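S.K.: take a look and give me a structure for this.
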Amino acid sequence: MEKKKDKRTSRTIIVGHLEKVSSKVFDRYRKQITDMIRGNYGVYALYRRDKLHYIGLATDFRRRINQHLRDRHKGKWNYFSLYLIRKIDNLREIEALLVRMAKPGGNKQKGTLKRSKNLRPRLKRLLTEDTKRLIEEILGIEKTVTKKRNIKSIKAKSAKEKRPLKGLLRDWQRIYATYKGKEYKAKVLPSGAIKYNGKLYNTPTGAAQVIIEKGAVNGWNFWKYKDKAGNLIRIKNLRK
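M.R.: Below is the predicted model:
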C-alpha cells in the first residue's frame, strides 16, 4: 500500500521582499510602497550602488526610510532592499546576525546576540587540550626512542663485557690450546664470541671449560694465539 505523502511544510519566515529599489522611487511612490507592506515587520538594507552601507530593522518602514533620507546616512545610499518577516520573537536577532556577518560601514553597533553563548572560549580550551595531547604524544615518542637507545647501548656494553676478546684479536683469528696431549682450535668472531666445535662462547674460560669438562680453569691461561712471527702467546698478554 502506497504511503501518503506528508503535505506539511515548515512555516516560512520571509513573506515578501523588494530588492535594489531606487531611493527616488520611494521618494515619489512612498505611499504605495508603505501601504503595500503595512502591518509587516522587516529587515532592510541601504546600498551605495552595489556596496552595502547599512542594515536596519523596521516596524514602521516608511518612517525609517524618511529618517535615513535626512539623518547621517543622507547622500550615502541610493538603493534599498526590504525583506518582510513574519512576526516572530527573534526578529532582532536576525538583524544582529546580518549586521555581524555583513559588517556594513554605516552600522555603528556590531549587533548583539544576547542569549547566544560565545563558543570561542570553548574552542580555545579544546584546541589547548588537543595541543597538549599532541605535545605529550611527541614527547612520549621521543622518550620511548631515547629509552630504546639507552637499552641498546646497555645491551651493547653488556655484550662487550660478556665478550672480552672483542677488539683484542683480528676478526676470525684462530686461538689454540693443548690439553692432555691433545690440541684444540677455535675462532674469535668479529663480535668477540669464540666459536668452538660449532658452538659459540662469550669468554675464553667458557670455551675452555667445555674441553676440560671437570675442574676449574682460567681461559686466559688456557688459550693461545699466534703473533706475527708465528709464536704461540697466551691470550692473557692481550689484557696488559
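
S.K.: just checking, next helix/strand downstream of the worst-scoring helix or strand of the chain on mean pLDDT?
M.R.: Using mean pLDDT, DSSP states H and E, the weakest-scoring helix or strand in the chain turns out to be helix 120-162, at a mean of 68. Helices and strands here follow DSSP states H and E; after helix 120-162, the next one along the chain is strand 173-179.

S.K.: farthest residue from the center of this structure?
M.R.: G181 (73.2 Å; C-alpha atoms, centre = their mean).

S.K.: tell me the domain ranges of the protein?
M.R.: 14-102, 173-239 (automatic domain parsing).

S.K.: what mean pLDDT does the longest one get?
M.R.: When you say that, I think you mean domain 14-102. Summarised as a single mean, pLDDT over domain 14-102 is 82.

S.K.: distance check, the residue nearest in space to the middle of the chain against P204.
M.R.: What sits nearest the mean C-alpha location of the chain, by C-alpha atoms, centre = their mean, is L134, with 6.5 Å. Separation of L134 from P204 (C-beta to C-beta, to the nearest Å): 53 Å. Bear in mind the C-beta positions are built from the backbone N, C-alpha and C, glycine included.

S.K.: now the helices for this structure?
M.R.: With DSSP state H, the ranges of helices along the chain come out as 23-37, 61-68, 91-102, 120-162, 204-212, 219-222.

S.K.: helices or strands up against the first one?
M.R.: In this structure, helix 23-37 makes packing contacts with strand 14-22, helix 61-68, strand 79-85, judged by 3 or more C-beta pairs under 8 Å, 6 or more residues apart in numbering; DSSP states H and E.

S.K.: CA-only coordinates of it in PDB, if you can.
M.R.: Extracted in PDB, the C-alpha atoms of helix 23-37 (Å, rounded to 0.1, in the frame of the first residue of the first chain):
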ATOM      1  CA  SER A  23      15.500  55.900  -3.300                       C
ATOM      2  CA  LYS A  24      13.900  58.200  -6.000                       C
ATOM      3  CA  VAL A  25      11.200  55.600  -6.400                       C
ATOM      4  CA  PHE A  26      10.500  55.600  -2.700                       C
ATOM      5  CA  ASP A  27      10.500  59.400  -2.600                       C
ATOM      6  CA  ARG A  28       7.900  59.500  -5.400                       C
ATOM      7  CA  TYR A  29       5.800  56.400  -4.500                       C
ATOM      8  CA  ARG A  30       6.300  56.100  -0.800                       C
ATOM      9  CA  LYS A  31       2.500  55.900  -0.100                       C
ATOM     10  CA  GLN A  32       2.000  53.000  -2.500                       C
ATOM     11  CA  ILE A  33       5.100  51.200  -1.100                       C
ATOM     12  CA  THR A  34       4.200  51.700   2.600                       C
ATOM     13  CA  ASP A  35       0.600  50.800   2.000                       C
ATOM     14  CA  MET A  36       1.700  47.600   0.300                       C
ATOM     15  CA  ILE A  37       3.800  46.500   3.300                       C
END
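
S.K.: now that helix: buried residues?
M.R.: Neighbour-count burial for helix 23-37, counted by 16 or more other C-beta atoms under 10 Å, picks out S23, F26, I33, T34, I37.

S.K.: of the residues you listed, closest to H17?
M.R.: Ranked by distance to H17 (C-beta to C-beta), the buried residues of helix 23-37 are led by I37 at 10.1 Å.

S.K.: sorry, back to before: now the helices and strands packed on helix 23-37 as TSV including mean neighbour count?
M.R.: Shown next, in TSV, are the helices and strands packed on helix 23-37 (neighbours: other C-beta atoms under 10 Å):
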stretch	mean neighbour count
strand 14-22	13
helix 61-68	18
strand 79-85	20
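
S.K.: so for Y225, what's the nearest residue that isn't a sequence neighbour?
M.R.: I175 (5.1 Å; C-beta to C-beta, 6 or more residues apart in numbering).
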